[in-house]
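J.: one predicted model, sequence on top.
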Amino acid sequence: MTAQDKNTSGALQITPLSVHTGAEISGVDLCHPLTTDHVDQIRNALLKWRVVFFRGQELTHPQHISFAKRFGDPTPGHVIFGSHSDYPEIYPVVKHRTAQAGNVSVKRAWTGWHTDITAAINPPSASILRSVVLPPYGGDTQWLNMAKAFEALSLPMQEFLSSLRAIHQYKRALDPKDKSGYNELIEDKAMVSEHPLVIIHSETGEKMLFTNSAYVDHIVGLTPRESQCLLEYLWEHCLQPEFTIRFRWSAGSIAFWDNRATQHQAIGDIFDTDFSRELYRITLNGEIPVGTDGRRSTALSGDLIKPV
C-alpha cells in the first residue's frame, strides 16, 4: 500500500459549527497525501465556511508544509518577525512570542483581532495553524466572518464604505515592557499599504469588509475624528456574535482559514495561567486586493511578499 492509498476519494464529513462561520472536517488523514477530490472538497468548504478545522492530526513540520502546498505557495514564516530555524515556511506561535532583530530576540506583544499581515501590499490568502503544546483549558481562538459583517450593513453604508481606502501598517508598541527593540524592528522593515475598505474576494467575487484594529491606522481623505469614529463603529459592528466562531483546541487540531474573509484572535486568558501554548503557522501567498471600483491596493512602503 502506498502513502497515497491512505486517503481514498470519497465524500468528507463536513460539520458546520455555526450558521455562518466555521466547520469541522473529518474522514481524512492529513499525514498522508490528499487526493485531488479531497483537495477540492476542503477548498470548497474553506470558501463557504471561511475557517475549517481538523482534529487528531499529528503532523510533522514537513507534513504540515506538504499539506499547505496543495492549496497554494507558502510564504516565509513571517516577513518581519522571522521563521522557524529549520523550516523557513513555518512561523512559531508561542505564548511568549519573540521576533528576530538581526541576532537579537525582542518581545513581540500579543495581538487582538486582526487579519494576518495586512500591512503588506499582498496579504496572505490563507493561514494554516497547527497545535503542538496546549493548555488543559484556555487559549481558545476566535474567528469572524467579514463577508457577513459587510452584508449586515445598510445599503447606503455599504456604498459609502466601498468608496473609501485605508492605511494599514504595523503600529508602534506603547507599553515600555513591549517596545524594547520591537519599534526599531518594524521601522527597519517598514510595511505600509493603502487598501480598499471593501474588497472583492479573488475566488468567490463576494464583497468583504477589509479592516482590523491591529493594522489600520486611518481612512484616507477623512478627518482624524471622522476616521476614528467610523473605524471604531466598524470594529464594533464586526464583533457581533452572529459573525463569530470560537474554537477550543485539542491535541492534533489544525485550523485553516481564508485570510481574505476573516479576522481572528487568540484569547488572552492563557496569560492568567502558567500553562504553555505552542502552535505553528504557515501562510499562503496572496494577491493584491482589489476594490469594488476595480482599483488595486497600493504599497507605500515595503515589497511584495513572495513565496519561499
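T.: Looks like it came in fine.

J.: report the contact partners of the closest residue to T273 other than its chain neighbours.
T.: Using Cβ to Cβ, 6 or more residues apart in numbering and skipping the chain neighbours, the partner closest in space to T273 is G138 (5.9 Å). C-betas here are computed from N, CA, C, even on glycine. Going by Cβ atoms under 8 Å, 6 or more residues apart in numbering, G138 touches 267, 269-270, 272-273, 275.

J.: tell me the contacts of S127?
T.: S127 makes contact with 116, 256-257, 259, 281-284, according to Cβ under 8 Å, 6+ apart.

J.: what comes up buried for the helix or strand containing it?
T.: Applying DSSP states H and E as the criterion places S127 in strand 126-133. In terms of neighbour count (16 or more other Cβ atoms under 10 Å), strand 126-133 has its buried residues at 126-132.

J.: neighbouring strands for the next helix or strand after it, and are they parallel or not?
T.: Using DSSP H and E, the helix or strand that follows strand 126-133 in sequence is strand 141-145. Here strand 141-145 is paired, per DSSP bridges, with strand 244-247 (antiparallel), strand 262-266 (antiparallel).

J.: pLDDT on the last one, on average?
T.: Averaged over strand 262-266, pLDDT sits at 97.

J.: return the set of buried residues in the helix or strand following that strand.
T.: Counting by DSSP H and E, the next helix or strand C-terminal to strand 262-266 is strand 278-284. Using 16+ other Cβ under 10 Å as the test for burial, strand 278-284 gives 279-284.

J.: over to stretch 68-76?
T.: Buried-residue list, stretch 68-76, by 16+ other Cβ under 10 Å: 68, 71-72, 74-76.

J.: stretch 207-223: end-to-end distance?
T.: End-to-end distance for stretch 207-223, by Cα to Cα, to the nearest Å: 25 Å.

J.: buried residues, it. List them.
T.: For stretch 207-223, by 16+ other Cβ under 10 Å, it's 207-216, 218-219.

J.: now, those residues that are in strands?
T.: Judged by DSSP state E, the buried residues of stretch 207-223 include 207-209, 216, 218-219 as members of strands.

J.: nearest to D29, of those?
T.: Distance to D29 across those (Cβ to Cβ) is lowest for M208, with 32.3 Å.

J.: low-confidence stretches in the stretch 101-250 of the chain?
T.: 101-110, 175-180 (pLDDT under 70).

J.: which helix or strand contains the closest residue to H237 other than its chain neighbours?
T.: Spatially, and ignoring its direct neighbours in sequence, H237 is nearest to A149 (6.3 Å; Cβ to Cβ, 6+ apart). Assigned by DSSP H and E, A149 falls within helix 146-151.

J.: now do the buried residues in that helix.
T.: 146-150.

J.: circling back to that earlier point, distance to Q263 for the ones in strands among the buried residues of stretch 207-223 - can I get that in CSV?
T.: Converted to CSV, these look like this (distance: Cβ to Cβ, whole Å):
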residue, distance to Q263
K207, 16
M208, 11
L209, 9
V216, 11
H218, 18
I219, 17
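
J.: tell me the two of the residues you listed that are most distant?
T.: K207 and H218 (21.8 Å).

J.: closest one to R55 out of the contacts of S127, please.
T.: F256 (12.3 Å).

J.: now do the phi/psi pair for the closest one.
T.: phi -130, psi 110 (degrees, to the nearest 10).

J.: and it, what's its pLDDT?
T.: On pLDDT, F256 comes in at 99.

J.: how close does A190 sit to L279?
T.: 27 Å (Cβ to Cβ, to the nearest Å).
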